[in-house]
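Asks: sharing a model that was predicted from the sequence below.
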Amino acid sequence: MGRAPEQQKQSRSRLRRRLLAVSAGAAALAVVAAGCGGGTSSSSAGTTKVKGGTAVYALPPSVTNNYIFPYMASADFSLNNGSYLQQLLYRPLYWFGNGAKPTYNPSLSLADAPTFSGTNVTINLKPYKWSDGTTVTTQDVMFWLNLETALPSDYGGYTGFPGKVVTNIKVVSPTQLTMTMDKNYSTSWFLYNELSQITPMPQAWDRTASGPSHCSTTVSDCAKVYAYLDAQSKTLNSYASSPLWSIVDGPWKLSAFNADGHSTFVPNPSYSGPIKPTLKEFQEVPFTTDAAEYGVLQAPNSSITVGYLPEQDAPAKPQGSTVGRNPLKGYTLSPLYSWGINYYVVNFQSTTGNGPIIQQLYFRQAMAYLMNQQSVITGPLRGYGVPTVGPVPGAPVTQFLSPKGQQGDPFPYNEAKAKNLLTSHGWKITPNGVSTCTNPVLCGAGVKQGQGLSFNFPYATGTAWIASEMNQLQSNAAAVGIKLNLAPKPFNQVIALAGGNCVVTKSSCSWDLANWGGGWVYVPDYQPTGEELFMCGIPANSGGYCNKQNDSLINSTLTNSATQPMYTWQNFVSPQLPMEWQPNGAYELTEIANNLKGATPQPATLGINPENWYFVK
């Protein structure tokens with residue numbers, strides 16, 4: 001997160017979630033059904049570690065990797081390109097993920113933890129090598145920083161760093177870099193949300209079509225270098241053979257890549273990190289639908305090593321259990337939850353006439369009491385979901401979540417409380433009709449005598465549990481005379497309508513409530529401090545919530561490293577309901593072959609680490 005120019009910041013959260021909207025090749029089934037060897041499931045796996053073997057990973061439905069250059073523009077800024085391709089080959093400067101927790105991992109980072117002295121920051125690199133034999137140096141870090149300085153609008157994750165946050169960046173030696181922050185920031189925030197963005201790039205990439213260039217030392221050279229590398233990254237079928245992309249510092253190298261989504265990775269023998277791959281190779285295979293993947297997963301001796309169970313085929317999870325009874329033999333079911341929150345948007349700026357109603361806190365709280373998160377989790381989500389408790393994810397529990405947030409849903413379903421909030425503020429309740437304002441003084445500023453509680457509500461189609469949730473909420477709201485005019489629409493239409501702050505982006509404000517189903521994922525800016533989502537005037541603040549006290553509290557989280565400012569802010573904004581909290585469904589119900597070990601716990605950052613995987617017999 002951070003202070004990015006408005007056009008870059010607008011869609012970052014959805015880009016992280018939007019990976020399912022990418023088209024996949026239709027040839028997936030034939031290759032997978034043919035089998036890849038070494039990764040067949042076993043219901044009686046032993047414990048003896050086996051070196052070698054091929055692990056086959058089923059990509060999420062309709063996902064293909066289509067951009068290899070880590071400096072991704074917004075159009076390519078997605079989890080599939082970052083997690084399923086780039087980070088296997090090119091390691092970020094700082095790694096985040098310890099088991100299931102999205103926390104800083106010093107052992108897997110290319111640099112030691114940054115040291116801070118006032119506003120001065122020092123970064124010392126570890127002795128990593130590129131696969132061409134050259135050393136990863138601070139000049140490779142400057143390559144990235146100079147690109148961000150020269151072309152901030154071409155990086156979909158731009159946060160204002162480095163230009164608006166630091167000055168006087170200096171290469172002290174090949175292993176040491178210093179920079180000066182423009183003021184004292186929280187050291188945790190600076191690491192988690194600013195330094196987390198950097199991926200060192202080899203000097204062999206510092207070139208144009210005409211030959212070697214100097215972007216790593218001269219900012220003015222970077223535009224042409226970027227144009228060349230961007231063009232090379234669009235030639236998908238050359239990825240495995242390219243002399244550029246074959247230079248890696250990660251644990252894997254590409255041995256085959258097809259634009260339809262099939263990829264084969266082999267170990268990088270020059271990898272300097274602490275965990276070397278055990279597998280002979282790792283393959284990724286695409287599917288057009290979850291039903292197609294499930295058909296292959298169910299086949300006898302399925303070649304899929306790590307796949308996924310469609311939600312509609314999932315067993316109900318008994319209360320208190322981690323999973324329900326797995327319908328697949330030879331596999332272990334392991335739900336994966338993202339480091340994020342889920343919500344539907346309420347439009348404080350609505351031009352339908354309902355803006356003044358939405359601006360009333362009592363109304364938003366009434367709507368919160370009508371969202372039955374627990375019922376959605378146990379019902380359409382079949383137990384595979386967690387409640388959203390506020391702006392900080394409630395699962396996995398981290399040091400960022402306040403004790404109050406750990407108490408669970410702040411607005412458990414309560415129709416009586418919703419009704420009392422409305423009646424005490426001047427509304428005549430008409431169950432299964434439209435309740436009306438009979439006392440404008442109590443109803444709130446701008447609400448008119450006789451105005452009804454009727455709202456247009458587009459939501460994204462394609463996710464069964466979201467549709468069920470919306471129908472349930474519509475029924476709950478009708479009981480107190482709130483009419484929700486549901487309008488199912490394709491995901492892209494909902495995002496186009498409600499994905500950005502309509503006043504800031506000059507787009508239509510003629511909507512009341514909207515649900516694209518995906519909320520927000522805190523990746524690759526891992527500390528949930530809220531400046532990209534909850535502050536006044538931020539484009540990603542889709543509903544236009546604006547509260548100066550909230551802004552002040554957020555700013556405190558950026559400049560104070562203690563946990564209390566985080567707790568104070570989230571405890572303030574959670575009951576303010578800048579958006580309406582809804583359950584966060586499991587990102588994926590992962591099926592892991594019993595003879596494969598090391599694939600769990602799965603990281604909430606939604607990455608994959610096949611260098612940890614190995615077969616047993």
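Replies: Everything's here; your move. As the structure is a prediction and not an experimental result, all values here were calculated from the model. Numbering: from 1, shown residues only.
Asks: where does this structure dip in pLDDT?
Replies: 1-45 (pLDDT under 70).
Asks: can you give the domain ranges for it?
Replies: 6-278, 342-585 (automatic domain parsing).
Asks: so which residue is dead centre in the chain?
Replies: For the chain, the residue nearest the mean C-alpha position is residue 521 (3.2 Å; Cα atoms, centre = their mean).
Asks: hey, what's that one bridged with?
Replies: residue 340 (DSSP bridges).
Asks: was I right to think it contacts residue 340?
Replies: Yes. Residue 521 is in contact with residue 340 according to Cβ atoms under 8 Å; the separation is 3.7 Å. To be clear about C-beta, it is placed using only N, CA and C from the backbone, and glycine gets the same treatment.
Asks: from residue 59, how far out is residue 472?
Replies: 31 Å (Cβ to Cβ, to the nearest Å).
Asks: compare the two (neighbour count), which wins?
Replies: More crowded of residue 472 and residue 59, by other Cβ atoms under 10 Å: residue 59, with 24 against 18.
Asks: burial count for the closest residue to the more buried one other than its chain neighbours?
Replies: Of all residues not flanking residue 59 in the chain, residue 286 sits nearest, at 4.9 Å (Cβ to Cβ, 6 or more residues apart in numbering). For residue 286, the neighbour count with other Cβ under 10 Å is 30.
Asks: just to check, residue 286 is in contact with residue 56?
Replies: No. Residue 286 lies out of contact with residue 56 (Cβ under 8 Å); the separation is 11.7 Å.
Asks: so for residue 330, which of the domains of the chain sits nearest?
Replies: In terms of Cβ to Cβ, the element of those nearest to residue 330 is domain 6-278, at 3.3 Å.
Asks: gap between the closest one and the chain center?
Replies: Centre-to-centre, domain 6-278 and its host chain are 16 Å apart (Cα atoms, centre = their mean, to the nearest Å).
Asks: now do stretch 534-552
Replies: Using Cα atoms, centre = their mean, the offset of stretch 534-552 from its chain centre is 20 Å.
Asks: return the set of buried residues in that stretch.
Replies: Buried residues in stretch 534-552, counting neighbours by 16 or more other Cβ atoms under 10 Å, are found at 534-535, 538-547, 550-551.
Asks: and those, which of them are in helices?
Replies: The helices, defined by DSSP state H, take in 550, 551 from these.
Asks: closest one of the buried residues of stretch 534-552 to residue 48?
Replies: Among these, residue 540 lies closest to residue 48 (Cβ to Cβ), at 49.9 Å.
Asks: measure that closest one to residue 504 for me?
Replies: Residue 540 sits 10 Å away from residue 504, going by Cβ to Cβ.
Asks: and for those two, which residues touch both?
Replies: Shared contacts of residue 540 and residue 504 (Cβ atoms under 8 Å, 6 or more residues apart in numbering): none.
Asks: show me what contacts residue 387?
Replies: 373, 374, 377, 394, 408, 409, 581, 583, 584.
Asks: the same query, at a cut-off of 6 Å, please.
Replies: Contacts for residue 387 (Cβ atoms under 6 Å, 6 or more residues apart in numbering) come out as 373, 409, 583.
Asks: surely the last one meets residue 378?
Replies: No. Taking Cβ atoms under 6 Å as the contact criterion, residue 583 and residue 378 are not neighbours in contact, 10.0 Å apart.
Asks: where along the stretch 51-200 of the chain do the helices fall?
Replies: Ranges of helices in the stretch 51-200 of the chain, per DSSP state H, counting those that start in this stretch, are 79-81, 87-89, 138-150, 187-189.
Asks: I'd like the ones you listed as JSON lines, with distance to residue 429 and mean neighbour count appended.
Replies: Shown next, in JSON lines, are these (distance: least, Cβ to Cβ, whole Å; neighbours: other Cβ atoms under 10 Å):
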{"stretch": "helix 79-81", "distance to residue 429": "44", "mean neighbour count": "25"}
{"stretch": "helix 87-89", "distance to residue 429": "53", "mean neighbour count": "24"}
{"stretch": "helix 138-150", "distance to residue 429": "54", "mean neighbour count": "22"}
{"stretch": "helix 187-189", "distance to residue 429": "45", "mean neighbour count": "20"}
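Asks: closest to residue 198 out of these?
Replies: helix 138-150 (5.2 Å).
Asks: so what does that closest one touch, helix or strand wise?
Replies: In terms of contacts (3 or more Cβ pairs under 6 Å, 6 or more residues apart in numbering; DSSP states H and E), helix 138-150 is packed against helix 222-233.
Asks: can you name the next helix or strand after the helix it packs on?
Replies: Per DSSP states H and E, the first helix or strand lying C-terminal to helix 222-233 is strand 252-257.
Asks: for residue 323, what is the enclosing helix or strand?
Replies: Judged by DSSP H and E, residue 323 forms part of no helix or strand.
Asks: how many residues are close by it?
Replies: 17.
Asks: nearest spatial neighbour of it, chain-adjacent residues omitted?
Replies: In space, residue 323 is closest to residue 333, 4.7 Å off (Cβ to Cβ, 6+ apart).
Asks: that neighbour should be in a strand, yeah?
Replies: Yes. Assigned with DSSP: H, G, I helix; E, B strand; the rest coil, residue 333 falls within a strand.
Asks: ok, now how distant is it from residue 367?
Replies: From residue 333 to residue 367 the distance is 34 Å (Cβ to Cβ).
Asks: what segments of the stretch 501-617 of the chain are strands?
Replies: 513-514, 520-521, 580-581, 584-585, 588-593, 596-597, 614-616 (DSSP state E, counting those that start in this stretch).
Asks: residue 561 is nearest to which of those strands?
Replies: Nearest to residue 561 among the strands of the stretch 501-617 of the chain is strand 520-521 (23.2 Å), distances taken as Cβ to Cβ.
Asks: just list what that closest one packs against, helices and strands only.
Replies: Counting by 3+ Cβ pairs under 6 Å, 6+ apart, strand 520-521 packs on helix 12-17, strand 340-341.
Asks: distance between the shortest one and the chain's centre?
Replies: By that I understand strand 340-341. Relative to the chain's own centre, strand 340-341 is displaced by 8 Å; criterion: Cα atoms, centre = their mean.
Asks: what do you get for stretch 355-363?
Replies: With Cα atoms, centre = their mean, you get 29 Å for stretch 355-363.
Asks: list the buried residues for it?
Replies: Result for stretch 355-363 [16+ other Cβ under 10 Å]: buried residues 355, 356, 357, 358, 359, 360, 362, 363.
Asks: I'm done for today, thanks for sticking with me.
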